[in-house]
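> got a sequence here, can you build the structure:
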Amino acid sequence: MNNKRTHQPKQQSGITMEMGQTFPLTIKRLGINGEGVGYFKKQVVFVYGALPGEEVVAKVTKLHAKFAEAEIKKIRKASPHRVKAPCPYFGKCGGCQLQHLDYQQQLKEKRDILIQALERHTKFDLSKLEIRPTIGMDNPWEYRNKSQFQVGKQNGKVVAGLYGLNTHQLVAIDHCMVQTPATDRATQGVKQILQDFKVEPYDERKRQGLVKNIVTRAGIETGEVQVVIVTEKEAFPRKDLIADEIMKRHPDVKSIVQNINPGKNSMIFGDKSVKLKGKDTIDEKLGALSFGLSPRAFFQLNPEQTNKLYNEVKNAAALTGKEKIADAYCGVGTIGLWLADGAKEIRGMDVIEASIQDANKNAKNHNINATYVTGTAEHWLPKWTKEGWKPDVVVVDPPRTGCDRTLLDTIKKVKPKKFIYVSCNPSTLAKDLEYLAKEYKVEYMQPVDMFPQTAHVECVVQLVLEEGN
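Reported below is the predicted structural model:
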């Protein structure tokens, strides 16, 4: 979740601060990871837990080549927007970064994080750029429809939780305030059943035990829940009895899957999955669309905000029913299918074969004129253009790394009239917009808060082909 900074214990050239040094600091803004940013003798200091406008006494905890990290020793002047974080795990588990900031102010700061990225990575005149207020939630809690908790043992009991911020220490969580109640109940229930059946969590250091993770996903509209138990090896004693017990105690669980992930790695899932009980997938609805979700299928984590996000994409596309749309990084086809009622034809591509199979299945189930193919946009867009099929609108929703440079070069060559960019990383978004600046004009930017209480911000950007290109 965080952009981790590597620990460099020795003092680096350019930084005159020392480890453990304390000094007064005024916090100017929020950093991309939700930390407060101040300047001590023109040197950048990141202070975890500090808020813009605050005056604090900071203590240096890490030194880097161009900046320092610090902790708060004392708050001399608190922000008027500072609130008491309601969650007992806040500041420990690393899942949320902004619970101590009033929600309406969170929305303003997220817009500012976007502006900072544009200032850092582009030459745009921001006074002429329309950057709209962030679209938030009425209730910014209990919104995540998927939970991925590590499993461990503490004081002889099975626990489930998240690793602490920048550590490998498991923080046991009995109730997560940003998870939907259905996923939270299922996770806690499975944890208890593993305890009752004396199933040992996997211990990385000793290379012993079985269960690594409990992954739960809920269909918010349908009420169906899926449980995935990730194990280190395939042999899973009494797995049928355990699956029966989960469904007995939790009738909303409709699918139970074992995923096998051997060895030591940072990935949650391994390559092999085995259904233990119930259905292969759970059903979910998004607007008028229905989707079958398998354990590995990508699906937005906040359905309420996804409706708003996709409607912003639709507004940006401004379709008349005549447009041909290319949906790059299409996943299971959600954005393309959302736009389909206003388009002439949808074509999409993704490098993940399983996603493309799901996308074509979803299009067929909804009788939508859409074709999805496996591969990259930089391969398919020139091929289709050569064959006489040129998109009027291209939509992208890339991973945090942003768009592949060859894709942006392809956009410059194919020249769709509109390019709609859905971003989850302001920094890579800004760099990509700067790269397209000669060919495409940024009409407006619409930030959307998909993850309240965290520093993440999504954005929908409408780009229009400049005249003469």
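> now A186: closest residue in space that isn't a chain neighbour?
Here the nearest residue to A186 in space, its sequence neighbours aside, is T216; by C-beta to C-beta, 6 or more residues apart in numbering that works out to 4.3 Å. Glycine gets a C-beta too; all of them are placed from N, C-alpha and C.
> try Q99
Nearest residue to Q99 in three dimensions, chain neighbours excluded: A85, at 3.7 Å (C-beta to C-beta, 6+ apart).
> number of residues surrounding the one you found?
Neighbourhood size, A85 [other C-beta atoms under 10 Å]: 17.
> can you map out the helices along this protein?
With helices called from DSSP state H, the chain shows them at 103-121, 181-196, 239-249, 303-317, 334-339, 353-365, 377-386, 405-414, 426-435.
> just say which of those helices is most tucked in.
Greatest average neighbour count among these goes to helix 334-339 (a mean of 25), per mean count of other C-beta atoms under 10 Å.
> ok, back up a step: what sits opposite the residue nearest to A186 in the beta ladder?
On the basis of DSSP bridges, T216 is bridged to S147, V227.
> same check on I260?
T231, K272.
> my guess is it contacts G270, does it?
Yes. Counting by C-beta atoms under 8 Å, I260 sits close enough to G270 to count as a contact (4.9 Å).
> where do the contact lists of the two overlap?
Common contact partners of I260 and G270 (C-beta atoms under 8 Å, 6 or more residues apart in numbering): V230.
> picking that back up, quick check: the residue nearest to A186 touching K146?
Yes. Assessed by C-beta under 8 Å, T216 is found in contact with K146 at 7.1 Å.
> could you check how far the residue nearest to Q99 is from C96?
Spatial separation of A85 from C96 under the definition C-beta to C-beta, to the nearest Å is 8 Å.
> over to D358?
Here D358 is placed at a distance of 31 Å from C96 (C-beta to C-beta).
> for the protein, which strand is longest?
Taking DSSP state E as the assignment, the strand of the chain that covers the most residues is strand 67-77.
> how about the residue nearest to Q99, what does it touch?
A85 makes contact with 91, 96, 99-100 under the criterion C-beta under 8 Å, 6+ apart.
> the same query, at a cut-off of 10 Å, please.
The neighbours of A85, taking C-beta atoms under 10 Å, 6 or more residues apart in numbering as the test, are 49, 91, 96, 98-101, 177, 453.
> give me the mean pLDDT for stretch 289-296.
Stretch 289-296 shows a mean pLDDT of 89 in the predicted model.
> next, the buried residues of it.
289, 291-296 (16 or more other C-beta atoms under 10 Å).
> likewise for stretch 224-234?
Along stretch 224-234, the positions that meet the burial threshold by neighbour count (16+ other C-beta under 10 Å) are 224-232.
> still on that earlier bit, now do the shared contacts for A85 and C96.
By the contact definition C-beta under 10 Å, 6+ apart, A85 and C96 are jointly contacted by 177, 453.
> follow-up on the earlier one: farthest pair within the contacts of A85?
In the contacts of A85, the most distant members under the criterion C-beta to C-beta are G49 and M177, with 17.9 Å between them.
> tell me which of these two has more neighbours.
Neighbour comparison, G49 and M177: the larger count goes to M177, with 21 against 18 (by other C-beta under 10 Å).
> leaving out the residues flanking it, which one is nearest to the more buried one?
In space, not counting the residues next to it along the chain, M177 is nearest to C87; the distance is 4.8 Å by C-beta to C-beta, 6+ apart.
> tell me the spacing between that neighbour and Q179.
With distances taken as C-beta to C-beta, C87 is found 11 Å from Q179.
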